[in-house]
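Enquirer: model the following, please.
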Amino acid sequence: MLTVREAAAVIRELREEKRWTQADLAQRARVSRSFIADLESGKPTVEASKLFDVFQAFGLEMALRDRETGEVRW
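Expert: Just a heads-up that it's a prediction; the model follows:
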């Protein structure tokens, strides 16, 4: 199960690989820079819809996988 802190680490790593600033990522995801800062710090109350916007800015899509069966749902 992905926690907010784990998502934060992935997002920071992806951003740094692309050499984007927090402001660059915020602009691409259409969120505020302060949201990116909160997200990267692992703030547990980040808004889920904005989190999905950030992943989409990286060209990623989210899928749900059943932990027991491995079945993936889009």
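
Enquirer: what are the ranges of the helices in the protein?
Expert: For the chain, the helices defined by DSSP state H cover 4-17, 22-29, 33-40, 48-57.

Enquirer: wait, what's in contact with the nearest residue to residue 5 once chain neighbours are set aside?
Expert: Residue nearest to residue 5 in three dimensions, not counting chain neighbours: residue 42, with 4.1 Å by Cβ to Cβ, 6 or more residues apart in numbering. Yep, even glycine has a C-beta here, placed from its N, CA and C like the rest. Taking Cβ atoms under 8 Å, 6 or more residues apart in numbering, we find residue 42 in contact with 4, 5, 8.

Enquirer: return the item of these having minimum pLDDT.
Expert: Among these, residue 4 carries the lowest pLDDT, at 82.

Enquirer: touching, it and residue 44? I think so.
Expert: Yes: contact criterion Cβ atoms under 8 Å: residue 4 and residue 44 qualify, at 5.2 Å.

Enquirer: looking at these two, which one has more neighbours?
Expert: residue 4 (17 against 9; other Cβ atoms under 10 Å).

Enquirer: got TSV for the helices of the chain, with distance to residue 66 too?
Expert: Listed next are those as TSV, based on distance: least, Cβ to Cβ, whole Å:
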stretch	distance to residue 66
helix 4-17	19
helix 22-29	28
helix 33-40	26
helix 48-57	20
